[in-house]
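Asker: here are the coordinates; sequence isn't available:
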């Protein structure tokens, strides 16, 4: 542990490399974001929404399970090793997407992509938290998720534009070849493991170990359980947006280029917004951040079926992206600060297990409802579930002793809050 220091400034070189690597990780998801549902309909003639969304179902389940094992194995095998191995699973993906002769090959590509995302994204999250220590976790997660989801947006836009100009296959997927090779060689040659940073923080941490990491993270611990259910619902609605949004826009006669722009706006705001919301999570009550973000998402989804114009959908995508930006880094920062450093990788893996199962649950639920009752009904149901998740956060999470502020303090007259709360009562984990 000699010469090991915690903090963003002290570890900025490795941190920056991990941000770049995570941008490559996000870009691999962006390959599919705008055009895969169109390929399902146009080339493989899949009509049922459940069948079209099968690639998201498989991706979500595989990524969720991989997240769990990444968290469990991080201390045993090392974060860097898992990160590097994860990239090996990505390299075949763009080639399969380019030349798949039937839909089963697309499903196979998403199995590999799910493993890639679980190993690589989980590893970069844990390593960044290891590097920065206690004080800047929200900002660190904001930078991590910013890089990943901005890259999702950029690649989604590029693939949509390329598909509009040159066709659905193979040209849009050339980007994936470059991303996977850069990710693999960058992780193998440039990234260093963070085990010494973990050891240093463990020596000074006063957070008790969890009695049962799985069940405490899943539900029994009120703070962790509230975050976990919100993570599942967040990705449930993201899975719906991923699969149904392009179909909805196509039904409203938007072009491929327009669909690419709209579907890229949501993750772009999500990604860019986290530069702000990640920092906010270090200073404001996390309960307020999570409630507000989930509530905004839910209301936006409830309004979405009645949008008609490009302007309507861009505006709603911006609001949806901002709501998601408020919760995403806050989820991870809250899990990190409520767990002992030795429990943290496993707890984060369990949180990400449930969160990414939301993709599969959302795709299944959305597809069944859409096939039975129509796309509008499926969007409304998911919107109501998202509002319900916000209510769970409001009533289940509690404030802990710290000096952070409630998000909405500036709207409350000072004479209403003076003397009612001390600084030590204002922070929510």
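Answerer: Here it is on my side, so go on. Just so you know, these numbers come straight off a predicted model, no measurement behind them. Numbering: from 1, shown residues only.
Asker: my read is that residue 234 contacts residue 297, right?
Answerer: Yes: here residue 234 lies in contact with residue 297, judged by CB atoms under 8 Å, at a distance of 7.1 Å. Using the backbone N, CA and C atoms, a C-beta is placed for each residue, glycine as well.
Asker: so between these two, which is more surrounded?
Answerer: Neighbours per residue (other CB atoms under 10 Å) separate residue 234 from residue 297, with residue 297 holding more: 29 against 24.
Asker: quick check: neighbours shared by residue 234 and residue 297?
Answerer: Counting by CB atoms under 8 Å, 6 or more residues apart in numbering, the common neighbours of residue 234 and residue 297 are 324, 327, 386.
Asker: give the contact list for the second one.
Answerer: Right, residue 327. By CB under 8 Å, 6+ apart, the contact list for residue 327 reads 230, 234, 289-290, 293-294, 297.
Asker: return the residues in contact with the closest residue to residue 168 other than its chain neighbours.
Answerer: Leaving aside its sequence neighbours, residue 168 sits nearest to residue 39 (CB to CB, 6 or more residues apart in numbering; 5.2 Å). By CB under 8 Å, 6+ apart, the residues touching residue 39 are 106, 168-169.
Asker: what is the nearest of the contacts of residue 327 to residue 28?
Answerer: Of all the contacts of residue 327, residue 28 sits closest to residue 234, with 20.1 Å by CB to CB.
Asker: check for me that the closest one belongs to a helix.
Answerer: Yes: judged by DSSP: H, G, I helix; E, B strand; the rest coil, residue 234 forms part of a helix.
Asker: residue contacts, it?
Answerer: Residue 234 makes contact with 294, 297, 324, 327-328, 331, 355, 358, 386, 389 under the criterion CB under 8 Å, 6+ apart.
Asker: which among the residues you listed gets closest to residue 344?
Answerer: Distances from residue 344 to those, taken by CB to CB, are shortest for residue 331, at 13.5 Å.
Asker: what residues sit buried inside the helix or strand where that closest one lies?
Answerer: For residue 331, the host element (DSSP states H and E) is helix 310-337. For helix 310-337, burial by neighbour count (16 or more other CB atoms under 10 Å) applies to 313-314, 316-337.
Asker: still on that earlier bit, for the contacts of residue 39, which single residue is the most surrounded?
Answerer: When neighbours are counted by other CB under 10 Å, residue 106 leads the contacts of residue 39 with 21 neighbours.
Asker: in a helix, it, correct?
Answerer: Yes: using three-state DSSP, the assignment for residue 106 is a helix.
Asker: measure residue 53 to residue 363 for me?
Answerer: 4 Å (CB to CB, to the nearest Å).
Asker: overlap in contacts of these two?
Answerer: Shared contacts of residue 53 and residue 363, defined by CB under 8 Å, 6+ apart, comprise 239, 243.
Asker: between the two, which one's more packed in?
Answerer: Remark: of residue 53 and residue 363, residue 53 carries more neighbours, 31 against 28, as counted by other CB under 10 Å.
Asker: distance of that one from residue 359?
Answerer: Distance of residue 53 to residue 359, computed by CB to CB: 10 Å.
Asker: what do the two both touch?
Answerer: Counting by CB under 8 Å, 6+ apart, the residues touching both residue 53 and residue 359 are residue 239.
Asker: quick revisit: ok and whichever helix or strand comes after the helix holding residue 331 relative to helix 310-337, angle-wise?
Answerer: Heading C-terminal from helix 310-337, the first helix or strand you meet, by DSSP H and E, is helix 344-373. Interaxial angle, helix 344-373 versus helix 310-337 (axes from the mean of the first three to the mean of the last three CA atoms, to 10 degrees): 150 degrees.
Asker: now whichever helix or strand comes after helix 344-373: buried residues?
Answerer: On the C-terminal side of helix 344-373, the closest following helix or strand by DSSP H and E is helix 375-396. For helix 375-396, the neighbour count (16+ other CB under 10 Å) marks 375, 378-383, 385-387, 389-390, 392-394, 396 as buried.
Asker: just the strands in the stretch 51-200 of the chain please.
Answerer: With DSSP state E, counting those that start in this stretch as the definition, the stretch 51-200 of the chain shows no strands.
Asker: please enumerate the helices of it.
Answerer: Assigned by DSSP state H, counting those that start in this stretch, the helices in the stretch 51-200 of the chain fall at 54-77, 79-90, 93-99, 103-132, 137-166, 174-190, 195-204.
Asker: since that was my last question, I'll sign off now.
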